[in-house]
Every structure is written in structure tokens, then in C-alpha cells.
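Undergrad: have a look; sequence and predicted model below, questions after that.
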Amino acid sequence: MIKTEHLSKRYQTVTAVEDVTFEVRPGEVLGFLGPNGAGKTTTMRMLAGFVTPTAGRAFICGHDVEAEPLAAKERLGYLPEGAPSYGEMRVRRFLEFVADLRRLEGARRRQRLDYVIGRLQLASVLEQSIDTLSKGFRRRVGLAQAIVHDPPVLILDEPTDGLDPNQKFEVRTLINEMARDKIIVISTHILEEVDAVCNRAIIIARGRVVADDTPLKLAARSRYYNAVSLQLERPEQLAAARAAVAALPSVADVEVSERDVRITALPRAGAAILPAVAELASSKGLALKELHLESGRLDEVFRTITA
Amino acid sequence: MRNVGIILRRELASYFATPLAYVFILIFLVLANAFTFYLGGFYERGQADLQPFFAFHPWLYLFLIPAISMKLWAEERKSGSIELLMTQPVKLWEAVLGKYFAAWIFIALALALTFPIWITVNYLGDPDNGTIIAAYLGSLLLAGGFLAVGSCMSALTRNQVVAFILGVAVCFAFLLAGYPMVVNAFQSWAPQPLVGAIASLSFLTHFQSIARGVLEGRDLLYFAMLIGFFLFTTTVALDLRKAD
């Protein structure tokens, strides 16, 4: 379990993190969202014991990060922002170095090293020095380092930054696999990532937690939640369709995109407008290319909350 | 303690992964020998000892050791790898010791490679080999002292050039404290115990007495305390501002 109590970090003139309190339980994958400079990295560094909080406490599996740093760090796998490592080292030597510090020995050491090398597809670069690797490989070496000792808690600062879409998919699959028996916290500013891997999201802005919910419920705060979007076959029907949809009593607002001939009807609070819109479309003889119900837009919620 | 060994091995290997180690050893050997033969008058003195060889070590170390020590912590900060190291289950002092001893062993290796001059002096005459061994030990302790100062300076900054300059400056102060001109400058006005205290802080006083072949407890204690003090300060400096 991860727990923070009123965690704060102030520098001389700026407050980086202010009174952050949350708990993460096994099975939860927590996405840490926020604009750049919001305090995500500072919070993660305090969890990892790298930055000393000005006030408040953090616990990893019940161990106070400041009072029992070794016990906390042993249970933690941590990928720092930017995945720093020792550039002159070869990948194999670097992973062995971390395995040694993590007290892995004998058959288990070999088995864990083989596992992370295979899982993160590092076999082809094992004898290369880390300096010569591409950004994607470097990030994967950082991930390998974080999971080599099979820790119960993982804190990953932007794990997919710099990866191509295939590598992103691989890493997300890996995170989903590990999510079953681990506690995982990832920070990201890629919102699709939250949908892909997280079952809980905390949005942090100017050092404070401004939202803490499941991605679905967060998206439900969007004004697009339960909105109906219809794309028309014929552009000349657009104006008439718009007027008809806007006239429906349960529709609060209508947005039109001329470029892709699309009308988006936003419902009044709590109203379900799909049946009404569908009925209207058939009675007015609108030629529909597409009709769908939106589940809310996380990016719009994100902008509203953090702006 | 195990972690000290793991970090030490990694560090030592990293010296040889780049040209740094080879360049350093080459320059060290060339300068050590040039000083001995040209400035020290090794042949002209007509004495079978290594006094002209060891006499220049403090000046050689003054610039070469901060060049090694500057990267100890400043580089970790700059590259961000300090975050990786500090979030492993490692105590801070274990990391400080591991990196320090790796650098010291590396310098010991460079010093050991000066062995041909020992062979030479034994071939040419009949030197007191006991004194020479003591002088090698003194030189190694001196290097250890410079290195501890350098480690501390490196922990204060993320800029290696700043770490180098600070290292040279502080080492220079410790070196000069024992020189007659400094001692005399204080002697005219300062009380005698203060002059004695300043002179006894000097690397030079203690190095010279060991280099003469006199292995005294107080000289060994001096280096042990000096190294201990600066490594402790390194640890404190890192703990206070590891994330800056």
C-alpha cells in the first residue's frame, strides 16, 4: 500500500506540492495527471525518498519513507523522470549492478535478469553502452531496472515517454499484466494512457490534488458525457439538421463541424438524448454516416480542471 | 558494507570504460618522471634515494586529483543518475565510501605504475627501501586526503569545473599551510599555538615526515581524521541537497 499524509514540498519561493493526501491499494493503477510543472515529479520523488518533504509523510507498504528509507526502498521499483542511468555502462552490466544492489542472487538473479531482458526486448542491445541507445531503448532499460527485483510497489515517472506506438503498446501491456498483484503509480500527460492502463486518476495542478476518481467518472464530468454525435452523408442537410436537433427540449447546446459534416448535441444535465436524436434523424430523413453516444472527453475535463 | 563493494566495482569499471583512466595514468607517469629528472635533478644529486621523486607529489596531486574527484558527485547530479542511485536500497555513506575508495584504488594503481623508478634507483645504488616504502605509503595517504577534499567539493555542485576549481583551491590552502612563507607570515603576530595549529593542519608537514621514513601514529591519525572529516561532510552535503 502507498499512503501519503499532507505531503508538502516548498522551495525558497515556490510551493511545488501542497498538502497531498491519498492512498493506493493493491490492484490499483493510479495515473498521476497534470500540466508540466504541476508537482507530479516532486510528489513521486518524495514517495521514492529522493526529495525530503517539507511537511507530511509518505509510506510504502507501511514503512515511512523518511524514517525507514531502506525498508521502503526495498519494496519499491522506481523509474525516475527521463530514465537516467550510467551512460558508459553496457546494458547487461547495468542491470547486473542493479540486481546486486537489490540483493538478487544465484538462480533467482539469473531468472529475473532473463525475464526483464526478454520482457523489455533488450537482448539485441545487451553489450551496447547505454549512451549509444535510442531514447526508446533507454526508457526500457530504466523500466527493466525498476522491475528487476519484482517489487510490490512500482512508481513510474512517464514510462512511455519517447516510445513509438508499438513500444507504448508493449509497455502498457506489461503494466496491465503487473497490475494484478502490484500497486502501480504512473505519471503521464498522455490522456489516452490513463484510459489504457489506469483504474484511478489523480489530477494535480499547482501542487494540489484537484480531482481523484476513476477515469470513467472523470470523463463523466465532461459536458460531452452522453452527448450524441451524428455525421451526415450530405452537407446540404447540415443547417436544417442543426436547427431540428437544437429544438429538442432535452438538448442544451449544439456544436457543428462543417469540415466533417458533424453535429454534436450536448444534453441537459442528466438527460438521455440518444433516442430523441435517433428518432428525429429518421423522421427528417437525414442520411446518416455515423451516429454515436459519447462517453465524455477526458482532455476536456483535464483542461477545465487545470486551467 | 556489501553495497560499498558493489558500488566500488561499478565505479572502478567506469573509469576504464572511457579514455579517462588511460589519459590520467599516462599524464601522471609522464609528469612524475619529468619532475623527478628535470626539476628534481635525480642524477645530478648523486644520491641513491627517491627524495626528488616524492618531493613533487604534492604539486602533482594538487591538479591531478581534483581532476579525478570533480566527477565523483557532480557528474551524478548532472546526468541525474544520482536519483537512480539514491532510490536503491543503499545508505548514503555506503555510496560515498564506494565511490571514494574506487577513486583511491585507481590513484593507487597509477602510483604503483611508477615502480620502474624504484627499480632504477635500486639498480644505480643501494637505497633505503624501507624509507621508499614509507614514502609510497605517505604519498598514497596524501592522495587520499586530496581526494576526500575533492569528493566534498564535488558534492556541493552539479558543475564539474566548479568542483575542480574548488578542489584545487581548498587543497592548495591545506598544502600551503605548512610552507615556511605562510608559517612566517603568521609567526610575526599570531600566538605560537595558533601558528602551530595552522602548520599542523598542512598536508605537507605530515607527508614530509612520512616521506622521510618516519611512520608516526600522529601523521597516520592526521590523514585518517582528515579523510574521515571530509567524507562525513560529503555525506551531509549530499543528504541536504541531493535533489537540487
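TA: All right, it came through fine.
Undergrad: switch to C-alpha atoms for all contacts and neighbour counts from now on
TA: Fine.
Undergrad: A:Val51 contacts B:Asp239, doesn't it?
TA: No - A:Val51 is not in contact with B:Asp239 according to CA atoms under 8 Å; the separation is 9.7 Å.
Undergrad: the two - which one has more neighbours?
TA: Neighbours per residue, other CA atoms under 10 Å in any protein chain shown: of A:Val51 and B:Asp239, the larger number sits with A:Val51, 23 against 17.
Undergrad: per-residue confidence for the closest residue to that one other than its chain neighbours?
TA: Distance criterion CA to CA, 6 or more residues apart in numbering or on different chains; nearest residue to A:Val51, sequence neighbours excluded, is A:Arg45 at 5.3 Å. pLDDT, A:Arg45: 94.
Undergrad: swap in A:Glu290?
TA: For A:Glu290, the predicted pLDDT is 88.
Undergrad: look up how far B:Phe164 lies from it.
TA: 68 Å (CA to CA, to the nearest Å).
Undergrad: so these two - more neighbours on which side?
TA: Remark: of A:Glu290 and B:Phe164, B:Phe164 carries more neighbours, 23 against 11, as counted by other CA under 10 Å.
Undergrad: quick one: secondary structure of residue 31?
TA: If you meant another chain, say so; for now it's chain A. Secondary structure, DSSP: H, G, I helix; E, B strand; the rest coil: A:Gly31 is strand.
Undergrad: you looked at the wrong chain, it should be chain B
TA: helix.
Undergrad: kindly report the same for A:Arg57.
TA: A:Arg57 ends up strand, using three-state DSSP.
Undergrad: show me the contacts for the residue lying closest to it once chain neighbours are set aside.
TA: Spatial nearest neighbour of A:Arg57, chain neighbours left out: A:Glu5 (5.2 Å); criterion: CA to CA, 6+ apart. The neighbours of A:Glu5, taking CA atoms under 8 Å, 6 or more residues apart in numbering or on different chains as the test, are A:19-22, A:56-58.
Undergrad: pull out the buried members of the residues you listed.
TA: A:19-21, A:56-58 (16 or more other CA atoms under 10 Å in any protein chain shown).
Undergrad: element containing the residue nearest to A:Arg57?
TA: Secondary structure from DSSP states H and E places A:Glu5 in strand A:2-10.
Undergrad: report the buried residues of that strand.
TA: Buried residues in strand A:2-10 (16+ other CA under 10 Å): A:2-4, A:7-9.
Undergrad: doesn't B:Gly41 lie inside a strand?
TA: No - assigned with three-state DSSP, B:Gly41 falls outside any strand and is coil.
Undergrad: next up, the contacts around it.
TA: Contacts of B:Gly41 (CA under 8 Å, 6+ apart): B:Pro52.
Undergrad: helices of the chain, start to end?
TA: Chain wasn't specified; assuming chain A. Applying DSSP state H to chain A gives helices spanning A:40-47, A:69-74, A:91-101, A:106-119, A:135-147, A:165-178, A:191-197, A:215-220, A:238-247, A:274-283, A:298-306.
Undergrad: oops, I was thinking of chain B
TA: Using DSSP H, helices in chain B cover B:2-17, B:20-34, B:51-55, B:57-69, B:71-79, B:81-86, B:92-112, B:115-124, B:129-155, B:160-176, B:180-187, B:192-200, B:203-211, B:217-241.
Undergrad: ok, which of those helices comes nearest chain A?
TA: helix B:81-86 (5.0 Å; CA to the nearest CA).
Undergrad: give me the residues contacting that closest one.
TA: Here helix B:81-86 has contacts from A:49-50, A:79-80, A:84-86, B:73, B:76, B:92, B:242-243, using CA under 8 Å, 6+ apart.
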